[in-house]
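1. Generate coordinates for the sequence data below:
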Amino acid sequence: MISTRGRYAIRVLLDIAEHQSEGFVKTKDISERQGISQKYMEQIMPVLVKNNLLKGVSGKVGGYKLTKDKKDYIIGDILTLTEGDLAPVKCLKPDAEPCSRIKECKTLPMWKEYYKITKEFFNSKTLADLG
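-> Residues are numbered from 1 along each chain as shown. Next comes the predicted model:
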C-alpha cells in the first residue's frame, strides 16, 4: 500500500506545479488547498528539497518551486524516494537476504511479474500526465 507520505508528496508537487507561475508557493497555501497539515508537510518538504525535486526559499516571499519541468518528474521516482522500494514481497527488495526457498517457491514468478508491472506503470507516469 502506498502511504500518505507518497500520495501527499505527489499532491504537493502537483500543487506547486499549478501555482508556481505566481512565484514561490507557500506551504500554508498548499496545506489549505490540499488539506494536508503543515506539520506533516514539514516532514515531506525537506526530502523533496534534499533530492532536488524542489527549490526552497525562506523569508516573507519564500516558498517552493519545482526544479524542472513537470514532465520530468517521474511518479515512480517520487514514490521510491518517499516510500522506499515498492517490492510487493520482502525477497524482491534490493537489499533482501537471499531466500532459502527461492528454488522451490512457486509464487515467486507471480510476485516478480506483479513487481515489474507496478514499476513499469509508475515509471510511465509523470506529473504532467496527472495535471
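2. The residue nearest the centre of the chain sits in which helix or strand?
-> The residue lying closest to the centre of the chain (C-alpha atoms, centre = their mean) is I78, at 2.6 Å. Per DSSP states H and E: I78 is located in helix 75-83.
3. Can you name the element that comes right after that helix?
-> helix 108-123.
4. list the contacts for the most far-flung residue of the chain relative to its centre?
-> Most distant residue from the mean C-alpha position of the chain: E104, 34.8 Å away (C-alpha atoms, centre = their mean). Contacts for E104 (C-beta atoms under 8 Å, 6 or more residues apart in numbering) come out as none. All C-beta atoms are positioned from the backbone trio N, CA, C, and that covers glycine.
5. CA atoms only: put the helix holding I78 into CSV for me.
-> Extracted in CSV, the C-alpha atoms of helix 75-83 (Å, rounded to 0.1, in the frame of the first residue of the first chain):
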residue,chain,number,x,y,z
ILE,A,75,5.9,9.2,-10.4
GLY,A,76,7.9,6.0,-9.8
ASP,A,77,10.9,8.1,-8.7
ILE,A,78,8.8,10.2,-6.3
LEU,A,79,7.2,7.1,-4.8
THR,A,80,10.6,5.3,-4.4
LEU,A,81,12.0,8.4,-2.8
THR,A,82,9.1,8.8,-0.3
GLU,A,83,8.1,5.1,0.2
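6. and it with helix 108-123, angle?
-> For helix 75-83 against helix 108-123, the angle by axes from the mean of the first three to the mean of the last three C-alpha atoms, to 10 degrees is 110 degrees.
7. Looking at stretch 73-84 now, give me its mean pLDDT.
-> Mean pLDDT, computed over stretch 73-84, is 96.
8. right, I mislabeled it, should have said stretch 51-64
-> Confidence for stretch 51-64, expressed as mean pLDDT, is 93.
9. mind listing what's buried in that stretch?
-> Using 16 or more other C-beta atoms under 10 Å as the test for burial, stretch 51-64 gives 53-54, 63-64.
10. got it, and stretch 122-131?
-> 122, 125-127.
11. Looking at those, which are in helices?
-> Residues of the buried residues of stretch 122-131 located in helices (DSSP state H): 122, 127.
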